[in-house]
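Chemist: Below are the sequence and a predicted model for it; my questions follow.
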Amino acid sequence: MSEEAKRIAVYVDADACPVKDEVYRVAQRYNLHVFVVANAPLAVPREPWIERVVVSEGPDIADDWIAERAGRGDIVITADIPLAARAVKAGATVLAPNGRLFDTASIGMALATRNLMDDIRSAGGATRGPPAFSPRDRSAFLSAMDLAVVRLRRDGFLAG
């Protein structure tokens with residue numbers, strides 16, 4: 001770590017993210033800067049530590065914006081597996097909205113499963129979508145995000 005320790009930033013892949021309010025609660029508790037990234041304007045609380053980023057429309061534009069900035073000491077919130085893989089490769093802590101941690105040990109299998117399901121759908125096969133988001137998922141996310149911040153702080157990154 002350099003003389004001036006890096007501050008933890010949170011990047012939210014905000015399109016269809018069901019845990020934005022939970023992100024704001026944890027970020028406020030630890031005084032984290034949050035970037036809410038989407039292809040269209042979203043309502044976000046008017047707080048100096050929350051920054052709404054509206055990118056141009058198009059496939060993966062929001063993902064590219066996040067992937068170009070997130071790195072070691074940052075937290076990325078996304079259900080998008082390719083974005084998760086890019087962020088993990090850059091050293092970021094990556095959480096799905098259900099609290100699942102994507103890391104170097106799990107991202108390969110997540111990508112393989114995603115690609116297999118895409119191939120099945122492309123061939124006309126029927127697949128089930130993800131399970132409905134539940135209160136248990138919300139709780140798991142809150143715990144996982146809190147743990148991620150605690151671990152990053154322990155590693156010398158600044159939160160507040």
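Modeler: Now that the structure is in, tell me what you want to look at.
Chemist: and the helix or strand containing V88, what does it pack onto?
Modeler: Using DSSP states H and E, V88 sits in helix 81-89. Where contact means 3 or more CB pairs under 8 Å, 6 or more residues apart in numbering; DSSP states H and E, helix 81-89 is packed against helix 61-69, strand 75-77, strand 93-95, strand 101-102, helix 107-122. In this view, the C-beta of every residue, glycine as well, is placed from N, C-alpha and C.
Chemist: the inter-axis angle of it versus helix 61-69?
Modeler: Helix 81-89 runs at 10 degrees relative to helix 61-69, counting by axes from the mean of the first three to the mean of the last three CA atoms, to 10 degrees.
Chemist: List of residues touching helix 81-89?
Modeler: 11, 13, 60, 63, 66-67, 70, 76, 78, 94, 96, 102-104, 107, 110-111, 114 (CB atoms under 8 Å, 6 or more residues apart in numbering).
Chemist: centroid residue for the chain?
Modeler: I77 (1.2 Å; CA atoms, centre = their mean).
Chemist: excluding its backbone neighbours, what's nearest that one?
Modeler: Spatial nearest neighbour of I77, excluding adjacent residues (CB to CB, 6 or more residues apart in numbering): V12 at 4.7 Å.
Chemist: wait, is the one you found part of a strand?
Modeler: Yes - per DSSP: H, G, I helix; E, B strand; the rest coil, V12 lies within a strand segment.
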